[in-house]
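[1] what's the 3D shape of this:
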Amino acid sequence: MDIKELAKRIHGFQKERFQQYESELTSELIFMHLVEEIGEIARQIFNKESKMRNYDIDNFNEEIAQAILDLLVLAELNEIDLEREIEKKIRDMKSRL
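    Numbers count the residues shown, from 1 in each chain. Okay, here's the model as predicted:
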């Protein structure tokens with residue numbers, strides 16, 4: 001799957017979705033949703049590790065996917081070339097080995 005195409009696709013979908021609710025798609029709103037999703041990921045990790053509540057692998061997988069989609073929208077809203085930035089970051093990490 002091409003990152004640029006996916007980012008444009010999810011951005012278009014989210015923009016349309018927000019317009020249906022007469023709301024503007026902003027970095028701030030997407031970031032708040034991302035934080036919410038990260039909290040849900042943390043909850044599932046806690047559930048798995050603590051065994052205090054049921055761990056739901058399907059929910060964990062969904063929350064990871066949603067967080068990635070939110071990051072793609074955030075990058076698109078801020079005109080970030082994720083493919084370039086990811087490649088740059090990987091090179092940087094390799095140089096630290």
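
[2] So which residues of this protein form helices?
    Remark: helices assigned in the chain by DSSP state H are 3-20, 27-50, 57-77, 82-95.

[3] Could you list the buried residues of the last one?
    So that's helix 82-95. Leu82 (16 or more other Cβ atoms under 10 Å). Quick note: C-beta positions are derived from backbone N, CA and C, even for glycine.

[4] how many degrees apart are it and helix 57-77 in direction?
    110 degrees (axes from the mean of the first three to the mean of the last three Cα atoms, to 10 degrees).

[5] list the contacts for Val73?
    7, 10-11, 14, 25, 30 (Cβ atoms under 8 Å, 6 or more residues apart in numbering).

[6] And these, which two are furthest apart?
    Ala7 and Leu25 (13.3 Å; Cβ to Cβ).

[7] and Ala75, what is it in contact with?
    7, 82, 85.

[8] got the contact list for the last one?
    Meaning Glu85. Ala75.
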